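K.L.:
this is a predicted model, with the sequence first.
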Amino acid sequence: MAQNDFARRAIAGLAFLLTLATPATGLAQAAPSWAELSAGQRDILEPLAAEWNQIAPERRQGWLEMAKRYPEMSPERQQRLQERMRQWAQLTPEEREQARERYRRLRDLTPEQRRDRWEEYQSLPEQQRQELRQE
């Protein structure tokens, strides 16, 4: 597989995570500190605990919106989300900015183009998806 295709598929995987990390518009209220979160919110957002208070308030609001939807998710999706939060927490600030930039570029794609890229990523063997995630 060409390196370009490989990188493009990695972008698709990160796009999902970034949609969760990007706040919805209109959330002007201040985001709570880690100590102000409910026990349930802390359980869901635990992979972000060490850095929660340093996350920009608008991004915290985005994570809180995701935490509201979390109980309705299937156990598999919950597990996948927990793993992605752990991965996100391990990224350096530079890696996060690169991921955000890729997300901004993906945002300009049509819904059909995004779906096609996601389906391409999903059709990869697990080993190749792991390699993409590690990149």
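P.N.:
Yep, it's here.

K.L.:
next one, pLDDT for residue 134 please.
P.N.:
Predicted confidence (pLDDT) for residue 134: 73.

K.L.:
tally of neighbours for it?
P.N.:
Residues contacting residue 134 under the criterion other Cβ atoms under 10 Å number 8. Using the backbone N, CA and C atoms, a C-beta is placed for each residue, glycine as well.

K.L.:
any stretches of this protein with poor pLDDT?
P.N.:
Scanning the chain with the threshold set as pLDDT under 70 gives 1-29, 135.

K.L.:
could you rerun that using 90?
P.N.:
1-31, 96, 99-100, 102-103, 105-107, 114, 117-118, 121, 129-135 (pLDDT under 90).

K.L.:
mind listing what's buried in stretch 62-74?
P.N.:
Of the residues in stretch 62-74, those buried under the neighbour-count criterion (16 or more other Cβ atoms under 10 Å) are 62-64, 66-67, 70.

K.L.:
can I get these in CSV with secondary structure and distance to residue 91?
P.N.:
Rendered in CSV, the data for the buried residues of stretch 62-74 read as follows (DSSP: H, G, I helix; E, B strand; the rest coil; distance: Cβ to Cβ, whole Å):
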residue, secondary structure, distance to residue 91
62, helix, 16
63, helix, 15
64, helix, 20
66, helix, 17
67, helix, 20
70, helix, 21
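
K.L.:
looking at those residues, which one is closest to residue 115?
P.N.:
residue 66 (20.7 Å; Cβ to Cβ).

K.L.:
separation between that closest one and residue 41?
P.N.:
For residue 66, the distance to residue 41 under the criterion Cβ to Cβ, to the nearest Å works out to 10 Å.

K.L.:
closest to residue 50 among the buried residues of stretch 62-74?
P.N.:
When the buried residues of stretch 62-74 are compared against residue 50 (criterion: Cβ to Cβ), the nearest one is residue 63, at 13.8 Å.

K.L.:
nearest spatial neighbour of the closest one, chain-adjacent residues omitted?
P.N.:
residue 45 (5.9 Å; Cβ to Cβ, 6 or more residues apart in numbering).

K.L.:
quick one, what contacts the one you found?
P.N.:
Taking Cβ atoms under 8 Å, 6 or more residues apart in numbering as the definition of contact, the neighbours of residue 45 are 37, 52, 63-64, 67, 85.
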